[in-house]
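A.B. asks: Next comes the sequence, and after it the predicted model I'd like to discuss.
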Amino acid sequence: MTEWAFDALLAGGLLGLAWQIVASRVLFRSVVLFIVFGLLMAVTWARLHAPDLALAEAAIGAGITGALLLSAYRAFLSRRGTDPGPPPVFPRWAAVGVAALVGALVGGIGWVVVGLEPPEQTAGREALAHLAISGVENPVTAVLLNFRSIDTLSEVVVLFVAFLAARVVAQDLAHAGPGDWLRASRNEPVLVQPLIAFIAPMTVLAAGYLLWSGEHQPGGAFQAGAVLAALGVLLRLTGRLRPTSEPSLAERLSLVGGVVLFSAIGLAGAGVASAVLAYPEGWEYELILLVETALTIAIALPLVLLFSGSGGLRREVR
Amino acid sequence: MTTFYFAVAVFLLFNLLAGLVRVHRGPTAADRMLSALLFGTTTVAVLLLLAEVMALPALRDVALLFVVLAAVIAVAFTRVPKHLGEDSE
């Protein structure tokens, strides 16, 4: 009974929040409500027995999206001051028409899916049955890094291409930075330095823990990379990291390192193992950990650079 | 015990949803942001309860992430200029 009440409250809260986010006339309220939406979304994934997704939602939602929206709001406010152009008005009938069509589409797909017979032999059951040969104990990592590693490889390529595309169209974003907090001695609140001194090591520790734990429990490269990226966002926001227009050699290597290493090990699999992207027998665990470590960096760096709106970052000498 | 944990989780979730009134009314940006930060703490409590009743220890890691990363949004908020931070209704 209470279980049912919890789920009903959660589902109702999500729907209500989603409505408020798009319908609210106060932009800042929508931003805050979206952050709250991320919290409820993580609880929802938890209720659906998907702790991997809950971890990803927590890392991305709390670490990156919230800060990104607030920085975008900051940029929007300062731009609105100089150029108060009228907001584009979309005719109401067109909006109603699109909403009706999309609603019919979603309803139709939902109706068909509900009527489908559940298949006897799913890919998930296959993966669970062959978990022992994957080299890891967490079924999600086994699928991502062994059984379907081609998907993971393409996803990292997609992230890299997205970063390149953003660099092509990006303007310099001054609003991701510390603003008037120029130096520790000038304007920066006294609490910032102790906060970062405490948070930064903890975040690195949490990222390392997630990377290591991905082998036998929920976690892995994506979650660890997002947590590391959140640390980069914090350092960028407080001016510990400054934007540069071009990435340094080390940054270039980190950006492509994950893809190159993953592809190299995958191609080597054609010679020393049974197929491309297969691991040689007995080396699965070590190779998966190596690939995941490189992927963590290859995921974290583009995320920070996308937030920063810059080609590279450098340390601020204080 | 499961029922009790779920009852507490329902209470916390209800608290969170009731607190949304403050986000909605404001009136200042800081009011809205502070209530959202408080909801983060509530979510951590809910996740810890769920980890117990659903026997999913990984949910404690999710709670850990919310605690570690709470500072990011707080710092990002302080960078929104004060004189610009108020919305006109």
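C.D. replies: It's in.

A.B. asks: what's in contact with the host helix or strand of B:Phe6?
C.D. replies: Assigned by DSSP states H and E, B:Phe6 belongs to helix B:2-25. Residues from elsewhere that reach helix B:2-25, judged by C-beta atoms under 8 Å, 6 or more residues apart in numbering or on different chains: A:1-3, A:5-6, A:9-10, A:13, A:16-17, A:20, A:29, A:32-33, A:36, A:39-40, A:43, B:31-32, B:35-36, B:38-39, B:42-43, B:45-46, B:49-50, B:52-53. Any C-beta I mention is one placed from the backbone N, CA and C, and that applies to glycine too.

A.B. asks: can you tell me which residue is nearest the centre of the chain?
C.D. replies: I'll assume chain A. A:Ile60 (4.3 Å; C-alpha atoms, centre = their mean).

A.B. asks: Hmm, no, I was thinking of chain B.
C.D. replies: B:Phe39 (1.8 Å).

A.B. asks: and the host helix or strand of that one, what does it pack onto?
C.D. replies: Assigned by DSSP H and E, B:Phe39 falls within helix B:29-53. Of the remaining helices and strands, those touching helix B:29-53 by 3 or more C-beta pairs under 8 Å, 6 or more residues apart in numbering or on different chains; DSSP states H and E are helix A:27-47, helix B:2-25, helix B:58-78.

A.B. asks: Relative to A:Ala298, which of those helices is closest?
C.D. replies: helix B:58-78 (20.3 Å; C-beta to C-beta).

A.B. asks: could I have the closest one exported to PDB, CA atoms only?
C.D. replies: Coordinates of each C-alpha in helix B:58-78 appear next as PDB, following Å, rounded to 0.1, in the frame of the first residue of the first chain:
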ATOM      1  CA  ALA B  58      24.100   0.600  -5.300                       C
ATOM      2  CA  LEU B  59      21.500   3.200  -4.500                       C
ATOM      3  CA  ARG B  60      23.800   4.300  -1.600                       C
ATOM      4  CA  ASP B  61      26.300   5.200  -4.300                       C
ATOM      5  CA  VAL B  62      23.700   7.400  -6.000                       C
ATOM      6  CA  ALA B  63      23.100   9.100  -2.700                       C
ATOM      7  CA  LEU B  64      26.800   9.600  -2.300                       C
ATOM      8  CA  LEU B  65      27.000  11.300  -5.700                       C
ATOM      9  CA  PHE B  66      24.300  13.700  -4.800                       C
ATOM     10  CA  VAL B  67      26.100  14.600  -1.700                       C
ATOM     11  CA  VAL B  68      29.500  15.100  -3.400                       C
ATOM     12  CA  LEU B  69      28.100  17.100  -6.300                       C
ATOM     13  CA  ALA B  70      25.700  19.300  -4.300                       C
ATOM     14  CA  ALA B  71      28.300  22.000  -4.200                       C
ATOM     15  CA  VAL B  72      28.500  22.300  -8.000                       C
ATOM     16  CA  ILE B  73      25.000  23.800  -8.400                       C
ATOM     17  CA  ALA B  74      25.400  26.000  -5.300                       C
ATOM     18  CA  VAL B  75      28.600  27.500  -6.800                       C
ATOM     19  CA  ALA B  76      27.000  27.900 -10.200                       C
ATOM     20  CA  PHE B  77      24.100  29.700  -8.600                       C
ATOM     21  CA  THR B  78      26.300  32.200  -6.800                       C
END
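
A.B. asks: Wondering if that helix reaches chain A at all.
C.D. replies: Yes. Helix B:58-78 is in contact with chain A by C-beta under 8 Å from any C-beta of the partner chain, via B:58-59, B:61-62, B:64-66, B:68-73, B:75-78.

A.B. asks: before we move on, the earlier item: now for the residue nearest to the centre of chain B: which residues touch it?
C.D. replies: A:36, A:39, B:16, B:19.

A.B. asks: would you turn these into TSV with distance to A:Ala170 and pLDDT?
C.D. replies: Output for the contacts of B:Phe39, formatted as TSV (distance: C-beta to C-beta, whole Å; pLDDT from 0 to 100):
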residue	distance to A:Ala170	pLDDT
A:Val36	29	92
A:Leu39	29	92
B:Leu16	36	89
B:Gly19	37	86
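
A.B. asks: that older thread, just want the angle from the helix holding B:Phe6 to helix B:29-53.
C.D. replies: 170 degrees (axes from the mean of the first three to the mean of the last three C-alpha atoms, to 10 degrees).

A.B. asks: looking at this, A:Leu313 is in a strand?
C.D. replies: Yes. Assessed with DSSP: H, G, I helix; E, B strand; the rest coil, A:Leu313 lies in a strand.
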